[in-house]
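Peer 1: okay, here's the prediction I keep looking at, along with the sequence it came from:
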2 protein chains.
Amino acid sequence: MNNYQHILLAADFSEHGLTVAKKAQHLAHQHQAKLSIIHIIDNLPITDTTYGPIIPFDMDLNDLLMTAAKNKLAELSKTLNIPEQQQHLEMGSASLEITNIAEENNVDLIILGSHGRHGLALLLGSTANSVLHHAKCDVLAVRLQDN
Amino acid sequence: MNNYQHILLAADFSEHGLTVAKKAQHLAHQHQAKLSIIHIIDNLPITDTTYGPIIPFDMDLNDLLMTAAKNKLAELSKTLNIPEQQQHLEMGSASLEITNIAEENNVDLIILGSHGRHGLALLLGSTANSVLHHAKCDVLAVRLQDN
């Protein structure tokens, strides 16, 4: 088997995310692979529990989110020595954006964090599952401790 | 990040399975990790489409399946230089057996094949998802081409 050529790190900015990022950096080094990074901002509408979605984020809030995320992404990318043209910031469906960017950039390994089945974990886990289903390349799920 | 110490290859005996096996061998070599292998025989009852399960496999058939699988496993393990004490053959739920053996043997990376969403792929894919959810360690899903 050949080494991986282009690794895409699906980053979140939690402490856990840093663990995943370090593994991605280590593997990219081992494989002498190009390392790119992507962060997805979920564009969730604000919802009312009784009536469902009522107030979608307005553009100003989206802009604020984008700016904050862009700074965090630049910060993490600097730590990982990832140049700006290999930094991707998207808003929308995590699994869709991750798999699209992976395909567009001939990524052969996606690395992301995977949680267990508790609390928020189900939601996060489902993203990993969805990426697993839709990715046309290998996927490394880095197990994160839930406690 | 440290290298992986103990990699568990979830093997099937298809042509695809050999691709996954070679990646596992390559990664184990890179990480200087111990490589173990597991194969699961699904113990599916014979079913009648109208009345559901009616005839479970009898022991003779199970024995035949076990013997055939044991030979295949030994053959593949020889190719990968995996000693007998690191070969696991189980019958039952794939994801359950894989994650159990992984925990019992302090495995820190499970490697398995992952298919797309077509035909048999859904079933196979669901095993990968289930392992992803239940494993207490990292999981590398090697994407297999469905066509």
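Peer 2: Perfect, I can see it now.

Peer 1: remind me, longest strand of chain A?
Peer 2: Using DSSP state E, we find that the single longest strand of chain A is strand A:34-41.

Peer 1: other SSEs contacting that strand?
Peer 2: Strand A:34-41 is packed against strand A:6-10, helix A:15-30, helix A:59-79, strand A:87-91, helix A:94-104, with contacts defined by 3 or more CB pairs under 8 Å, 6 or more residues apart in numbering or on different chains; DSSP states H and E. In this view, the C-beta of every residue, glycine as well, is placed from N, C-alpha and C.

Peer 1: would you list those in a markdown table and tack on mean neighbour count and mean pLDDT?
Peer 2: Converted to a markdown table, the helices and strands packed on strand A:34-41 look like this (neighbours: other CB atoms under 10 Å in any protein chain shown; pLDDT from 0 to 100):
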| stretch | mean neighbour count | mean pLDDT |
| --- | --- | --- |
| strand A:6-10 | 26 | 97 |
| helix A:15-30 | 18 | 91 |
| helix A:59-79 | 13 | 87 |
| strand A:87-91 | 18 | 93 |
| helix A:94-104 | 19 | 94 |
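
Peer 1: wait, which of these is closest to residue B:75?
Peer 2: When those are compared by CB to CB, helix A:15-30 sits nearest residue B:75, at 29.4 Å.

Peer 1: and the angle from the closest one to strand A:34-41?
Peer 2: Interaxial angle, helix A:15-30 versus strand A:34-41 (axes from the mean of the first three to the mean of the last three CA atoms, to 10 degrees): 160 degrees.

Peer 1: picking that back up, who wins for proximity to residue A:115 among the helices and strands packed on strand A:34-41?
Peer 2: When the helices and strands packed on strand A:34-41 are compared by CB to CB, helix A:15-30 sits nearest residue A:115, at 8.1 Å.

Peer 1: tilt between the longest strand of chain A and strand A:87-91?
Peer 2: Using the same axes, to 10 degrees: strand A:34-41 against strand A:87-91 is 20 degrees.

Peer 1: in strand A:34-41, what counts as buried?
Peer 2: Within strand A:34-41, the residues that count as buried by 16 or more other CB atoms under 10 Å in any protein chain shown are A:34, A:35, A:36, A:37, A:38, A:39, A:40, A:41.

Peer 1: could you dump these into TSV and include pLDDT?
Peer 2: Below are these laid out as TSV (pLDDT from 0 to 100):
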residue	pLDDT
A:34	97
A:35	98
A:36	98
A:37	97
A:38	96
A:39	94
A:40	91
A:41	87
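
Peer 1: out of those residues, which comes closest to chain B?
Peer 2: Among the buried residues of strand A:34-41, residue A:35 lies closest to chain B (CB to the nearest CB), at 13.5 Å.

Peer 1: need the contact list for that closest one.
Peer 2: Neighbouring residues of residue A:35 by CB atoms under 8 Å, 6 or more residues apart in numbering or on different chains: A:7, A:9, A:24, A:25, A:28, A:80, A:82, A:86.

Peer 1: coming back round to it: looking at the helices and strands packed on strand A:34-41, which is nearest to residue B:145?
Peer 2: That would be helix A:94-104 among those, by CB to CB, at 14.2 Å.

Peer 1: packing partners for whatever helix or strand comes next after the closest one?
Peer 2: Remark: after helix A:94-104, the chain's next helix or strand is strand A:109-114, criterion DSSP states H and E. Under the contact criterion of 3+ CB pairs under 8 Å, 6+ apart, strand A:109-114 touches strand A:6-10, helix A:15-30, helix A:94-104, helix A:121-134, strand A:138-143.

Peer 1: one step back: make CSV out of the helices and strands packed on strand A:34-41 and add distance to residue B:141.
Peer 2: Shown next, in CSV, are the helices and strands packed on strand A:34-41 (distance: least, CB to CB, whole Å):
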stretch, distance to residue B:141
strand A:6-10, 14
helix A:15-30, 15
helix A:59-79, 24
strand A:87-91, 21
helix A:94-104, 13
